[in-house]
Each structure stands twice: as C-alpha cells, then as structure tokens.
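Trainee: Fold the following and give me the result.
(2 chains)
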Amino acid sequence: MERIPILKVRDCLLVTIQVDMHDRLAMTLQDDLTEQIVSQRARGVLIDISALDVVDSFIGRMLSNIAGMSRILDAETVVVGMQPSVAITLVELGLSLPGIRTALNVDRGMDLLSASRGSEDGPV
Amino acid sequence: MARLTLAEIIDRHESELLDEWLRRQKESLTSRRDLVSDEELRTDSRNLLSVLREAAAIEDIAKPVWDRGRDLLADLSRRRAVLGFSPNETATFVFSLKQPLFERITGAAGEDSKHAAELIWYTSTLLDRLGLYTTETFQKSREELIIRQQQELLELSTPVVELWTGVLAIPLIGTLDSNRTQVVMQNLLEAIVAKGASLAIIDITGVPTVDTLVAQHLLKTVAAARLMGAECIISGIRPQIAQTIIHIGVDLGSVITKATLADAFQLALRKAGLSVGKFQERA
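Mentor: Numbering: from 1, shown residues only, chains lettered A, B, ... in the order given. Sure thing, here's the model as predicted:
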C-alpha cells in the first residue's frame, strides 16, 4: 500500500506531497501523521506542496483537517511551497485556506514554527 | 449600337483605365508618396480592376462572386492602416476610379444618354460600396491595434520592485479591473518566489477610484500573497478613498493599511527587526 513518507526534522515532521492524493491515501496520511505527532512528540508539521500544480477543494479540505488535528495535539501546521498559479486558482475559487499558516519554503516554515513556539514556551 | 455593360467597358479600356486611375491616385497621395511604392500601387489597382471586370454584373458585394474583391480591399486597407493612412485616403483609392470610368461610359454610350446615366449611377453606387468596405475594414484593424496596445499597457504598468531584501513594492497606476488583477497577482507571486520576499507593499496612490470590485480584487491579491507566505500592506490610501471604503462597507479584514508608502516601508523595516539611524559624529 502506498504511503506518504513522513520525515522528522528537529522536533517537526515534514511531509512532501508529490503524488495525486486520493481518499485512501489522504486517510492513511492523516492516520500516520497524528500517530507520529504523538509518538515523536512533534511540535510542528510542515506540509510541502511545491510539487503540486493543482490544489482542489479535496486537498484544501485535507490540509485544513490536518491543521485542525495537529492543533488539538499541540502541534502547529505550516503549508510551504505553494506555486503561484495554485495560489491564484485557490483565491479565485474563494478557497483561501483560512486558519492555515503558510511559508515560502521549508526553511522559512521552520523559522515560523520556532518563532511562534518561542513566544509560548518560557522558563518552566 | 448594343448597350455595353460595365464589365465590357472595363474589358475594352483596361490599360487606359489603369494608367489614368494610377495618375489620379498619385495626385491625391502627394503627401504620402514615399510610403507606398509605384509597384504596389500598380499591382493593387490592376487586381481591383480585374476583380471589377469579373464581378461588375453583381450589385451586392456581399455575394460570393465578390469574395476575392473583398479580400483584396481588406488586405489593402489593413496594409495602409499599418502605414498610418487615414480611412479617407484609403477609400480615395477606390473613389478615384470613378472619373476615368465615367468618361469611358459616356464615350461608349454615345447618343444614348439614358443608358449612360443608368450605367454611371450603377457604377457610382458600386464603387461607393467598395469604398465604404475599405473604411469598415480600416476601422476594424484600428480596433484590433487598440486592443493589442491595451494588452501591452497592461503588462507595462504593473511593475514589482524590491525596496529592501525581502520587501517588495507594487505601485499600482490606473484602474484595477479583473484583467489587471490577474496580471498583478501573477507578477507579484512570481516576484515573491524569485526574491524570497516575505512582505509586499501594494501602493494604490495611483488608483483613481476604489469601489467594491476594486476592493475585492485587492483583497484577492492579498490572500494569494498570504498563501505564498508573504504578508501584504496596502499603502497610498487617499482620504477620499478611506471615506469611500467605509461608506460602501468593505471589510478589509486583517490587512494592514497605511496612508503613505513611507509609513508602510517603516513598518516593513520594523517587522524585519531593522531600524534606521544616523551615523555617529566622530569626536
């Protein structure tokens, strides 16, 4: 069964979407991610969509779901690498993915995650 | 004597008609002689005369027999339009054939003035229609040119400049319609990727009016930039624009707005953790 690989980078999880998502793959990804967030004690999730030429409402919903689930598990989600044409299409369709944070690339995404966590954590 | 038709008259006197017509054309084109070569004039005239000879019997120039004629005139009209000729000058090409033809008609009709009058009227109406057709094509080609220029203007007037590392400025000049917005969005997003920008200042000082549509377009652009991980500041909001926005009830959401580009730039620097200060005077 195909799975989308999840990489651990410091205390974040990195997922790169490179293939066409279909229902089962999306479900498996959500299962795997939530499981790993807990087992690896991840504080952030980076979803790299730079390989996607098209992002439809299905993928949009999947991203929202992942962001929501991660937040419940105290992990912040950042979507990175959106292509300009994809951004324009999403905006034209009125799917501007509210509540999902975005960054230009993985580097910036990591910075974003550590910055937002830095403001929360303090000396215990 | 048998009544001659227009076609027959043209057939008999073709070369004289051509010469005289060319002479009249050159007289009326004195200011533009350098733009069109003699060869071209001669070829165009000869072609039209032969078309006239073939199709002269049919009054309605929309009929298939006139297809070649219409193509000829359309092509000529387009060529002259590109060279900058006025529609009058192009139509004169056709009208200047009238006099030579009328002279041949009266000559051929001889005593039969009624026949002469009928034929002259017929020829005049026919050539009028052909002349008007060149004007029509002329207008059409000018319109195509205008549309093409509008497109080019669109491309030209949406530059994206990098004010500082990672800070882009998009000065918008002119109205923001949906076409323009597409171009702006594309340019902006491509620049965000190319420069790795995290902040974009959209300056609307040059946008004359902001109505609900323009506001929507602006908000769309901001949303698209946000999806790419860049924050937007809208600057250059004139006092009247601020009033209009409130009066029409546009909700700018969480978009930061500043009155001037300078203020927006200052904010951008602050967000980047930078400040501007004077050099210390050395003691």
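Trainee: Now do the contacts for whichever residue of chain B sits closest to chain A.
Mentor: Closest approach of chain B to chain A (CB to the nearest CB) occurs at B:L189, with a separation of 3.4 Å. (C-beta placed from N, C-alpha, C; glycine too.) Contacts were defined as CB atoms under 8 Å, 6 or more residues apart in numbering or on different chains; by that measure B:L189 touches A:84, A:87-88, B:224-225, B:228.
Trainee: Let me know the pLDDT of it.
Mentor: Listed pLDDT for B:L189 reads 94.
Trainee: The one 3 residues further on now?
Mentor: At B:I192 the predicted local distance difference test score is 94.
Trainee: shouldn't it be in contact with B:L168?
Mentor: Yes - counting by CB atoms under 8 Å, B:I192 sits close enough to B:L168 to count as a contact (6.9 Å).
Trainee: For B:L73, what is the enclosing helix or strand?
Mentor: In the assignment (DSSP states H and E), B:L73 maps to helix B:67-83.
Trainee: buried set for that helix?
Mentor: Under the neighbour-count criterion of 16 or more other CB atoms under 10 Å in any protein chain shown, helix B:67-83 has B:69-70, B:72-74, B:76-78, B:80-81 buried.
Trainee: One more: stretch A:78-85?
Mentor: A:78-84.
Trainee: Let me know the closest of those residues to chain B.
Mentor: For the buried residues of stretch A:78-85, the closest approach to chain B (CB to the nearest CB) belongs to A:P84, at 3.4 Å.
Trainee: Now render the contacts of B:L189 as TSV, adding pLDDT, distance to B:T212 and secondary structure.
Mentor: Listed next are those as TSV, based on pLDDT from 0 to 100; distance: CB to CB, whole Å; DSSP: H, G, I helix; E, B strand; the rest coil:
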residue	pLDDT	distance to B:T212	secondary structure
A:P84	92	26	helix
A:A87	90	23	helix
A:I88	89	21	helix
B:A224	92	19	helix
B:A225	92	21	helix
B:M228	89	25	coil
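Trainee: And for B:S77, nearest residue in space, chain neighbours not counted?
Mentor: With CB to CB, 6 or more residues apart in numbering or on different chains as the measure, B:T137 is the residue that lies nearest to B:S77, at 3.9 Å, once sequence neighbours are left out.
Trainee: Can stretch B:225-243 be said to contact chain A?
Mentor: Yes - with CB under 8 Å from any CB of the partner chain as the threshold, stretch B:225-243 lies in contact with chain A, specifically through B:225-230.
Trainee: I'd like the residues you listed as TSV, with neighbour count appended.
Mentor: As requested, these are arranged in TSV below (neighbours: other CB atoms under 10 Å in any protein chain shown):
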residue	neighbour count
B:A225	28
B:R226	22
B:L227	24
B:M228	25
B:G229	25
B:A230	28
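Trainee: Close to chain B: what parts of chain A are there?
Mentor: Neighbours of chain B within chain A, by CB under 8 Å from any CB: A:80, A:82, A:84, A:86-88, A:90-92, A:96-97, A:102-105, A:108-109, A:112.
Trainee: Give me the buried subset of the residues you listed.
Mentor: Among these, the ones that count as buried by 16+ other CB under 10 Å are A:80, A:82, A:84, A:86-88, A:90-92, A:96-97, A:102-104, A:108-109, A:112.
Trainee: Strands of chain B, start to end?
Mentor: For chain B, applying DSSP state E gives strands covering B:161-164, B:167-173, B:199-206, B:231-235, B:256-257.
Trainee: Distance from the chain centre to the longest one, please.
Mentor: Okay, so that is strand B:199-206. Offset of strand B:199-206 from its chain centre (CA atoms, centre = their mean, to the nearest Å): 29 Å.
Trainee: packing partners for the helix or strand bottoming out on mean pLDDT in chain A?
Mentor: In chain A, no helix or strand scores lower on mean pLDDT, DSSP states H and E than helix A:106-120, which sits at a mean of 83. On a contact count with 3 or more CB pairs under 8 Å, 6 or more residues apart in numbering or on different chains; DSSP states H and E, helix A:106-120 meets strand A:12-16, strand A:44-48, strand A:76-80, strand A:101-103.
Trainee: Mind putting those into JSON lines with mean pLDDT and distance to A:S70?
Mentor: Compiled in JSON lines, the helices and strands packed on helix A:106-120 are given as follows (pLDDT from 0 to 100; distance: least, CB to CB, whole Å):
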{"stretch": "strand A:12-16", "mean pLDDT": "94", "distance to A:S70": "9"}
{"stretch": "strand A:44-48", "mean pLDDT": "94", "distance to A:S70": "5"}
{"stretch": "strand A:76-80", "mean pLDDT": "93", "distance to A:S70": "5"}
{"stretch": "strand A:101-103", "mean pLDDT": "91", "distance to A:S70": "11"}
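Trainee: would you turn those into JSON lines with distance to B:L119?
Mentor: Listed next are those as JSON lines, based on distance: least, CB to CB, whole Å:
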{"stretch": "strand A:12-16", "distance to B:L119": "83"}
{"stretch": "strand A:44-48", "distance to B:L119": "82"}
{"stretch": "strand A:76-80", "distance to B:L119": "80"}
{"stretch": "strand A:101-103", "distance to B:L119": "79"}
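Trainee: In the chain, where is pLDDT below threshold?
Mentor: Looking at chain A here, since you left the chain open. For chain A, applying pLDDT under 70 flags the ranges A:1, A:119-124.
Trainee: other chain: chain B
Mentor: Within chain B, the set of residues satisfying pLDDT under 70 comprises B:1-3, B:30-33, B:155-156, B:281-283.
Trainee: Give me every residue in it lying close to chain A.
Mentor: Taking CB under 8 Å from any CB, the part of chain B that reaches chain A is made up of B:182, B:185-186, B:189-190, B:192-193, B:196-198, B:220-221, B:223-230.
Trainee: try it again with 6 Å
Mentor: Within reach of chain A by CB under 6 Å from any CB of the partner chain, chain B has these residues: B:185, B:189-190, B:220, B:223-224, B:227-229.
Trainee: Domain map for chain B?
Mentor: B:6-151, B:161-271 (automatic domain parsing).
Trainee: for the first one, how far is the first residue from the last?
Mentor: Spelled out, it's domain B:6-151. The first and last residues of domain B:6-151 sit 47 Å apart, counting by CA to CA, to the nearest Å.
Trainee: Quick check: beta-bridge partners of the spatially most central residue of chain A?
Mentor: For chain A, the residue whose C-alpha lies nearest the mean C-alpha position (CA atoms, centre = their mean) is A:I47; its distance is 3.2 Å. Here A:I47 sits in beta bridges with A:V15, A:V79, as judged by DSSP bridges.
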